[in-house]
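K.L.:
Please work out how this folds:
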Amino acid sequence: MTSYIDVCFAYLYRLSLERKVIKESQKQQLESVSYSSRYALGLFYEAGTWIDVPWAAQYITNNPCIRFISIDNKKRNIESSDFGPSVVVHTSVPFGIAHLEWDKGKVQPIILDHLENIMPGLPKPTSIKCQKWRYSQVTKAIPSCPGQMTLHIKPLLVCGGDGFTHSNFDGCIDSAICIVEALKTNL
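P.N.:
Down below sits the predicted model:
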C-alpha cells in the first residue's frame, strides 16, 4: 500500500537533501527502503450487471501475470441497483517489474487476456482503468521498523508510512500512531 504519507515523504526527502536538513545516517536508512511494483486494473460495469463467481476475492497462484482479483462490491458487501459492480485485478510483482516502463496502453491488453483465461465469459465493462503502481508494497522497510523518522526538530520534519513498518493496513496505522507520538513529543 503506498500511502499519501509515502508520497509526501518522497517530496520532503528530496527537499531535505537539497537543504541538507537530514543526517547522512538518516539518508542511508531512507535509501535502503525498497518497494515492489505492479499494475492494477479496474473494470467498471453498468448497474444490473452480474459477475457470476462464488467468491468476493481470490489470490491467484498459477498465473504469471495476475496475482489477485476481487469483485469489489462483493468484497465490501455492497449491493445496489444504483451502481454496477467493479472488478479489481492486481498483477504479480514479477510481471509488474518486467513491464514497469511499458506504456499502460500496451500492458492493459496483456492483463485482460490473462483475466479472460482465468474468468472466461466475464461481461464487457463500460470502462477500464489501468494503473501503474510503481511503489506497491514495501519489500524492505527502514531497519528495525520504527514506524516514523524524525528528520529534523526545528522546523519539525517527521516522516512515516508503510516504508517504516510493513505493507498492510496495520502497518500504516502503526506508522500513523508513531507519527502522532513524535508530534506530541516535539510540539
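K.L.:
helices and strands around the lengthiest helix in the chain, which ones?
P.N.:
For the chain, the longest helix by residue count, based on DSSP state H, is helix 169-186. Here helix 169-186 touches helix 4-19, strand 148-152, strand 157-160, going by 3 or more C-beta pairs under 8 Å, 6 or more residues apart in numbering; DSSP states H and E. All C-beta spots, glycine's among them, are computed from the backbone N, C-alpha and C.
K.L.:
What lies in contact with that helix?
P.N.:
With contact meaning C-beta atoms under 8 Å, 6 or more residues apart in numbering, helix 169-186 is reached by 1, 3, 5, 138, 146-148, 150, 153, 156, 158, 160-162, 164-165.
K.L.:
which two in those residues are spaced the farthest apart?
P.N.:
M1 and I153 (28.8 Å; C-beta to C-beta).
K.L.:
Neighbour count: those two, which is higher?
P.N.:
Set side by side, M1 and I153 show more neighbours around M1, with 16 against 9, by other C-beta atoms under 10 Å.
K.L.:
Name the residues of the longest helix of the chain that are buried.
P.N.:
For helix 169-186, burial by neighbour count (16 or more other C-beta atoms under 10 Å) applies to G171, C172, D174, S175, A176, C178, I179, A182.
K.L.:
Could you do stretch 143-158 as well?
P.N.:
C145, P146, G147, Q148, M149, T150, L151, H152, L157, V158.
K.L.:
The fourth one contacts L157, correct?
P.N.:
No. Distance between Q148 and L157: 10.9 Å, which falls outside the contact criterion (C-beta atoms under 8 Å).
K.L.:
the helices in this protein, which residues?
P.N.:
Using DSSP H, helices in the chain cover 4-19, 24-31, 72-75, 93-98, 104-118, 169-186.
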